[in-house]
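In: dropping the sequence and predicted coords here.
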Amino acid sequence: MILLKKPYLLFSIVYAVISITSIYYFDGTGDVGDSIAHYLFAKWAPYHHELYFDHWAKPVYVLLASPFAQFGFVGMKFFNVIINLCTILLTYKLAENLGLKNSKLILLILLFSPLFYILTFSGLTEPLFALFVALGLYFAHLNKNFTAFTIISFLPYVRSEGLIIIGVFSLYAIYKSHWKYLPFLLLGSVVYAIAGYFVYHNLLWVFTKIPYAKLSSVYGSGSLFHFVDKLINVCGVPLYAMFWIGFLIIIYQSLKGNTTAYMTILIWFGFVAFLVAHSLFWYLGIFNSMGLQRVLICTMPMIAIISLHGFNFITEYKPISNLKMKFAIQVVIVMYIVVFPFTANPSAINWKKDMMLANEQTSLIEMAKCLNAKQIHCAPILYNHHYISEVLNIDHFDERQHLKITKESVNQMKSGNLLVWDNKFCPVETGINCDSLLSGKNFTVLCHKTVMDLNTKFEWLLIQRR
């Protein structure tokens, strides 16, 4: 009976069962690049303490994820399962505290948002960012502003976009005349400036080491409405429609004076500021923006609250006075939300592509078997694909075991040294193509593999210096 009276307890049990089942049956890593890189930083940080203060890796993320990463990538998945469960429950509790009808729907909105679910089983930083946002919003609504502003102050060390959310909370504090709390938005930077001083010997490292602080991008640019279009892939078709309805309803309520500054500034404008900032970064080709749709996961607590407004407008609309009709409409929408991730829609979950190892990863596992079969052990090995460190169980940051491929490191290779060239990272990061590498006739190809991932060819060569 207690489970029925406290739905969050029942939901937590169901969520745990679903997550453990997904971890058991699906071996994917979320993506094959950043997800693996963040995991490697967390895994090896206890052996290389400077990694706890790497701006790209995100210091808070590395600190919190590191204990889980010691159990391998499965540990990272459990880390994000815990993180996302906390985010869901906090957002649900916030909806209740806000007095929103049908607040229990928040549990389903977040669980059945396709990309939010997919990234649960990754090593990416977006889920932790969403939890910090949920914590900040939750405590701000309780008027526990010291706690809220302190938590938000650490967001830039979860992801750099935390500076955007700090700006939103600053605006809210000014509007509410909470002047005494504004300095606490700097607390995270002060703490990390001091802690990281012993690594960089510069208190300003928290600013000078930001990897995205450049008005250019090697990844190009795109449409100004790119993220508006991609939002549908984040939350799926039914929630996408509910979101934009809720988005307009909050504007209408704000103009009528029927909503709070909290809802208008922290929830609605918080999402808008994040969306507009990333849209401009991608459109202008600045701050190394890649136009990745997954960044919108950072605002999932806001998206869920706004979507619930849309659901309530549809189902609580005054002309719908017949209770049976109202209930029927609610059931249809909820069923659509639950079923959608399993449909063939492009915005739904592709269970093989999104949840299983990519073909390029399985091919690199074959490369490791090839290397072990030949019983060649000549360190360091040169490669740029992060997943190779995992399949070979190599300390990614120990230069005695691994070096990145550069023109300099290739020239310094000794007889017997190994190099794994791939067509995904090497040409972009080093400008070294396979033909130019082999033209000197100083290398022997030990293994070679080409696979297809969707319509993309992935190729690697295991090469030994003569």
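Out: Received, thanks.

In: do you know how far residue 106 is from residue 195?
Out: Between residue 106 and residue 195 the distance, using CB to CB, to the nearest Å, works out to 36 Å. Every residue, glycine included, has its C-beta placed from N, CA and C.

In: next one: residue 34
Out: Using CB to CB, residue 34 is found at 24 Å from residue 195.

In: likewise for residue 274?
Out: Relative to residue 195, residue 274 is positioned 27 Å away (CB to CB).

In: same check on residue 94?
Out: If you go by CB to CB, the gap between residue 94 and residue 195 works out to 31 Å.

In: before we move on, what about residue 372?
Out: 40 Å.

In: with residue 247 instead?
Out: Shown here: residue 247 relative to residue 195, a distance of 40 Å by CB to CB.

In: compare these two (neighbour count), which wins?
Out: For residue 247 against residue 195, the residue with the higher neighbour count under other CB atoms under 10 Å is residue 247, and the figures read 17 against 13.

In: check contacts around the more buried one.
Out: With contact set as CB atoms under 8 Å, 6 or more residues apart in numbering, residue 247 has these partners: 268, 306, 309-310.

In: rerun at 6 Å
Out: Applying CB atoms under 6 Å, 6 or more residues apart in numbering to residue 247 gives the contacts residue 306.

In: over to residue 150?
Out: Taking CB under 6 Å, 6+ apart as the contact definition, residue 150 lies against 184, 187.

In: give me the element it is part of.
Out: Assigned by DSSP states H and E, residue 150 belongs to helix 145-153.

In: got the angle for the helix or strand following that helix vs helix 145-153?
Out: Proceeding N to C from helix 145-153, the next assigned helix or strand is helix 162-175, under DSSP H and E. Between helix 162-175 and helix 145-153, the angle formed by their directions is 150 degrees, by axes from the mean of the first three to the mean of the last three CA atoms, to 10 degrees.

In: can you pull out the strands in the stretch 301-450 of the chain?
Out: In order along the chain, the stretch 301-450 of the chain carries the following strands (DSSP state E, counting those that start in this stretch): 381-383, 402-403, 418-422, 443-453.

In: comparing these, which gets the lowest mean pLDDT score?
Out: Lowest mean pLDDT within the strands of the stretch 301-450 of the chain: strand 443-453, a mean of 86.

In: how about low-confidence regions in the stretch 101-250 of the chain?
Out: Judged by pLDDT under 70, the stretch 101-250 of the chain has its weakly predicted residues at 213-214, 216.

In: change it to 80
Out: The stretch 101-250 of the chain contains residues with pLDDT under 80 at 211-220.

In: show me the helices in it, by range?
Out: Along the stretch 101-250 of the chain, the segments classed as helices by DSSP state H, counting those that start in this stretch run 105-111, 114-118, 126-141, 145-153, 162-175, 187-200, 205-208, 226-235, 237-256.

In: ok now the helix or strand just after the last one, how far from the chain's centre?
Out: The first helix or strand that comes after helix 237-256 along the chain, using DSSP H and E, is helix 261. Taking the mean of its C-alpha atoms, helix 261 sits 28 Å from the chain's own mean (CA atoms, centre = their mean, to the nearest Å).

In: count the residues that sit near residue 456.
Out: A total of 12 residues lie near residue 456 under the criterion other CB under 10 Å.

In: now do the one 5 residues further on
Out: Residue crowding around residue 461 was assessed by other CB under 10 Å; the count is 21.

In: tally of neighbours for residue 397?
Out: Residues lying near residue 397 (other CB under 10 Å) number 18.

In: does it touch residue 48 like I think?
Out: Yes - when contacts are counted by CB atoms under 6 Å, residue 397 is listed as touching residue 48 (4.8 Å).

In: and the residue nearest the centre of the chain?
Out: Nearest to the mean C-alpha position of the chain, counting by CA atoms, centre = their mean, stands residue 126 at 2.7 Å.

In: so that one makes contact with residue 297?
Out: Yes - under the criterion of CB under 6 Å, residue 126 lies in contact with residue 297, with a separation of 3.9 Å.

In: does residue 154 touch residue 60 like I think?
Out: Yes - with contact taken as CB under 6 Å, residue 154 and residue 60 are classed as touching, separated by 5.4 Å.

In: re earlier: list residues touching both of residue 126 and residue 297?
Out: Overlap of the contact sets of residue 126 and residue 297 (by CB under 6 Å, 6+ apart) consists of residue 119.

In: got the domain ranges for this structure?
Out: Residue ranges for the structural domains of the chain, counted by automatic domain parsing, are given in the record as 2-354, 359-465.

In: which of those domains sits most buried?
Out: Across those, averaging neighbours per residue (mean count of other CB atoms under 10 Å) puts domain 2-354 on top, at a mean of 18.

In: low-confidence ranges, the stretch 301-450 of the chain, go.
Out: Per-residue confidence for the stretch 301-450 of the chain (pLDDT under 80) gives these ranges: 316-323, 325, 372-379, 428-441.

In: and the spatially closest residue to residue 110 that is not a sequence neighbour, how far is that from residue 267?
Out: When the adjacent residues along the chain are set aside, residue 110 lies closest to residue 88, with 4.5 Å between them (CB to CB, 6 or more residues apart in numbering). With distances defined as CB to CB, the gap from residue 88 to residue 267 amounts to 16 Å.

In: which neighbouring elements make contact with the lengthiest helix in the chain?
Out: Using DSSP state H to assign secondary structure, the helix with the most residues in the chain is helix 73-97. Helices and strands in packing contact with helix 73-97 are listed as helix 7-25, helix 59-69, helix 105-111, helix 126-141; criterion 3 or more CB pairs under 6 Å, 6 or more residues apart in numbering; DSSP states H and E.

In: again, only using 8 Å
Out: When contacts are defined as 3 or more CB pairs under 8 Å, 6 or more residues apart in numbering; DSSP states H and E, helix 73-97 sits against helix 7-25, helix 34-44, helix 59-69, helix 105-111, helix 126-141, helix 300-315.
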